[in-house]
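>>> Structural data only, the sequence is not supplied:
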C-alpha cells in the first residue's frame, strides 16, 4: 500500500484485511516491525488524537516520527498556485512538502477544508496539490472531505462491539457554535455504507450532505448490500438504530456563507443529543469522532452514560493506523 | 509505584529508596530498561526543565514520549464540570485525558493553580479531576499546590552536596512582577521537613504560606525529627543556614486578588537576594527551582557566584525522574 | 569534532573529509551509530528544514532529539547581560542553556541576528554568549552571520552535480518584502570561496556585504585558489556562470534602519529571478537555501524548471548534518 488517502480507494475485502491486521497487532505486538522508519506529520490544523496516536503508533512499531505545524515554530506555508508571495507565508508547499518528504519514509498531512467553495473542497484541490508533490507513501490525516483514518477506526469499533453488519447506522447533525467541515460526516456515511449497513443521515433543512457525498455512499452501499437515505425526522430515524453517530457540520445551502449559516443554526440548539432521543432505540450506541463540545452537541449524561463508545473509538485510531503504517512501511 | 503525585504519599524510606535508585542510574545506565514504553506529557502551562528532562529521561531508559500543549497545535481543553461548551474550548478533559492515556503506558500532567480560590487550589480540584479520569500510571508535572518531581530533585541535590540532614533550610520569598503559584514553596517546605531539616519560612507580611501547607510540613517534620517555623526576620532566619531556597509566590491574605497583591508587593523589591544577605551564613548554598528572573528575585552576583547550586538542582530533575519512571514502568 | 559553529574553523581538507563521510552515510547507513545519544535543539527563530532534518538525522543514526522553542510552550529566554528581568522573559539563557545542555549529549542553537547593530551581529554577540555557557558539543543552527550546516549542504550539492571546483558562483541579492539577515549570504560566499570557485557577489547599491564578510571570503579564496569580487552588473556577472545562488538580505548602508531599507528596496522588485536572466548562462543551476517566496524572489517558471536544484540542496541538509553528528558524537 503506497497511499492511504481515501477508504474508497480500497475494496471491502482490502479494508477487512486491514482491520484483521489491526486486531493482530493488538494481540501480537511487533515492536521492531518499522525499526529505522521515519514518519513526517504535517498539521495545517489542530489535532489531538491524530497527533498523539500516529507518534505512538510509530513508536509501538519501532519507528520514529516528527511533527511540523506550519506557522508555529515553522514558516507559514502558501498553498495557492501562481501567487506573488508578498504576504505572511514565507514558503510554498511546492518546496516545503517535497523537502519534508525527502527526509522521511512516509508523510502524513492534515489540511481541513477552506470552507468557501464547495466544488473546490469536494475536489480536494488543496490536499491533491500537496499529494502530487511527492511520490513517497502518504497518509491523509484529514482533508477537506475525508478522514480515512477515522473511518477505519470507526469500522473497527463497531466490529469490536459486534454491531451487526446490516444494523442501522444513523449519522446525525448536531449543534455547534459555528460551521465545521464535512470531512468526518462524508467519511462516516461512506464507511458505514461500505460495511453494508442501513445508513440514515439525519439533519435539519439546509444541512443536507452534498449530492456527490451521498452518491458516493450509495455506490458503496450498492456494492456491499447496504443502503443510504436521508431524513429530517429524528424519531423515525432513530427507532431501531444500533448506532447514533453524531457530528457537527456547516450549512450546505448555501455553503461557505457564515452569516446564512449562523441564521440557519440559530434555532437548532435542540440538536444537542440527550437521553430522550433514544426512546425507540434503547440499546443504541453513541459514536463521535471527538473533539466534542459537551452540552452543546451532546449532553453530559449521554457522554458519561453506558451507550457512549467515543473513547473506544478514539483508542481504535491507534491500532487502525498501526495497521496502515505496517502495511505501508514494513519491508 | 502506580502514581507519583505527591511526596507525601511516600514514607521517608520510600523516598530514600527512590534517591538511591536515581544515583544508581547515574552510575549504571540502563539504556533498555523501558524499551517499548511510551510516556505522554500534557502541559497546560509552560515548561523548560520538565519538558526536556522527561523526554530525555525516557530516551535514556530506551522508551519514548510525546508532548501535548493544549491550545497550541491541539484543541483548548475545558476542565470545568457541567458547563455548556460554547466558548473557546473545543474539547473537555473528560474525553481528552482518557483518550491520551489509552495510547500510552504512563501520563504526566502539568496544570498550575487557577490562583483565584485558595480552597479549590489547596484541594487540587483541577488536577484531581484529571487524575480520576484514568487509572494509568500518572505523574504530577506540577499541580496547583505540588511539584513532587522538583522536590525529589531538590532532596537529591542536598544529598549530593552532603548538606547535613539536620541542617537549617530557609525558604525565602523573593520579589516577582506578579503573583506566582504556591506549588514549589509548598513542596519545598514539605520535602525539607521530611528530610529532617530545621525548616524556616522567611516571608513578608501578607505572604505567609497557608496553614494547611505549614501543618502538612510540620507533620512530616515530626515524623522525621525536623522542625518547621516561620518568620519575617531575614537576619535571624539566615544566620547559620546551610540552604537558602528562594522562591517567588503570590499574596495569601488576600489570595487571588491581583490588585491587593500588587499593593502588597510594591514596596518589597528589596526581597531580591544579594550577597549581603549571607553575612551570618558564609557557606550557605543558594537553591531555586528555575526559571528565575535575574536582578529581580536574585542578583547576578549570587546566581553566578560559588554558592549557587541552581544548575545542579535542575540537572537532578533528570536522574530523579528517571528513578520515578523506572520504578513505575519497569516490568 | 567538539563544535560545528563556522566552516571557517575547519581546513578545506577537513570539510572534504566531512563531505566524504556524508556520502558514505548515504550509501552505507549506520542505524546504530548514535544509539543512546540525545541532541537538544533550541530554536529562537522559525525553522522547517533544520527542525526536521536534525530530528531525522539523529533518528537515522539511532539517536533521539528534543525541541525547545523559547516562548512557545516554554519560557521566553532573556539573552542580554546584566538586565533587571521585570519584562516578559521569565528565564535567562545563563540558566536555560547550561541546564538543557546538562540533559543531552549535544546541543544545537538557532538565533538569528538582532538586525540593529552591525558590529554586534558581526561579533555574533548573542550566539557567542550562549556558546560560552556550555562545554557540551554544540552546533550552529544559524546565527547572526553564519549558517555552516547550510554551507556544508550547499557544497555537497555542487559536488553531487559535478559543478567544477573553479566554476563561477554568483551570489545574487533578490527582492523580499523586508530586510532579512546576512547569515546565509555570508556563509555562502565563504563556502564557495573555500571550495576554490570564482565568486561574484551581485547586489544593488546599498546592499553590499559588509567588508568583514568579503574579507573573510577573500582569505578563504586565497588559500583555495579561488577569487571573490562584487558587482551591480547582472549581465556581466551571470555570463558563463555555473551557479546562481539567490538570497534576500537587508540593506547594509545603513544597517538596521527599516525605513531606509524600505526606501532602498522599493524600486528593486525586478530583482526577482526570471528565466531571461540566464541568456549568457544557459546551463547555470539555481540554488536557494529556502524558504523562498515565489514570484517575489524567484519566478515560478525558474523554480519549477530544470535549472532549479533547491530541493536537492534542502535534501542535502540531512546527509551533511548526519556527517557532523557522526563525527561529533560517535564514540
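Yep, it's here. None of these values were measured; they are calculated from a predicted model.
>>> If you check the stretch 51-200 of chain A against chain C, which residue is the closest one?
residue A:91 (3.3 Å; Cβ to the nearest Cβ). Bear in mind the C-beta positions are built from the backbone N, C-alpha and C, glycine included.
>>> Correction: the previous question concerned the stretch 151-300 of chain A.
Using Cβ to the nearest Cβ, residue A:291 is the residue of the stretch 151-300 of chain A that sits closest to chain C, at 19.7 Å.
>>> Could you find the closest non-adjacent residue to that residue?
With sequence-adjacent residues excluded and distances taken as Cβ to Cβ, 6 or more residues apart in numbering or on different chains, residue A:291 is closest to residue B:91, at 3.3 Å.
>>> ok, the one you found - contacts?
Neighbour list for residue B:91: A:48, A:290, A:291, A:292, A:293, B:75, B:76, B:77, B:78 [criterion: Cβ atoms under 8 Å, 6 or more residues apart in numbering or on different chains].
>>> now, which of these lie within strands?
Mapping the contacts of residue B:91 onto strands (DSSP state E) picks out B:77, B:78.
>>> Quick one, which of the contacts of residue B:91 are buried?
Taking 16 or more other Cβ atoms under 10 Å in any protein chain shown as the criterion, what is buried in the contacts of residue B:91 is A:48, A:290, A:291, A:292, A:293, B:75, B:76, B:77, B:78.
>>> wouldn't the third one be in contact with residue B:99 here?
No. Applying Cβ atoms under 8 Å, one finds residue A:291 not in contact with residue B:99, separated by 9.5 Å.
>>> Need the residues touching each of those two.
Common neighbours of residue A:291 and residue B:99 (Cβ under 8 Å, 6+ apart) are residue A:48.
>>> Over to the nearest residue to residue A:248 once chain neighbours are set aside. Which of the three states is it?
Among residues not flanking residue A:248 along the chain, residue A:176 sits closest, at 3.5 Å (Cβ to Cβ, 6+ apart). Following DSSP: H, G, I helix; E, B strand; the rest coil, we place residue A:176 in the coil state.
>>> Pull the contacting residues for residue A:59.
Neighbouring residues of residue A:59 by Cβ under 8 Å, 6+ apart: A:65, B:38, B:64, B:66.
>>> Mind putting the residues you listed into TSV with pLDDT, neighbour count and distance to residue A:207?
Conversion of the contacts of residue A:59 to TSV gives the following (pLDDT from 0 to 100; neighbours: other Cβ atoms under 10 Å in any protein chain shown; distance: Cβ to Cβ, whole Å):
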residue	pLDDT	neighbour count	distance to residue A:207
A:65	98	25	36
B:38	98	21	40
B:64	98	23	42
B:66	98	23	36
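>>> what subset of these is also close to chain C?
residue B:64 (Cβ under 8 Å from any Cβ of the partner chain).
>>> farthest-separated two in the contacts of residue A:59?
Greatest spatial distance in the contacts of residue A:59: A:65 and B:38, 12.0 Å, computed using Cβ to Cβ.
>>> Look at the residue lying closest to residue A:231 once chain neighbours are set aside and say how many residues are nearby.
Nearest non-adjacent residue to residue A:231, counting by Cβ to Cβ, 6+ apart: residue A:237, 5.2 Å away. By other Cβ atoms under 10 Å in any protein chain shown, 24 other residues sit near residue A:237.
>>> Also residue A:283?
Residue A:283: 10 surrounding residues under other Cβ under 10 Å.
>>> circling back: look up how far residue B:91 lies from the residue nearest to residue A:248.
Residue A:176 sits at a distance of 13 Å from residue B:91 (criterion: Cβ to Cβ, to the nearest Å).
>>> One more: residue A:233?
Residue A:233 is 31 Å from residue B:91, by Cβ to Cβ.
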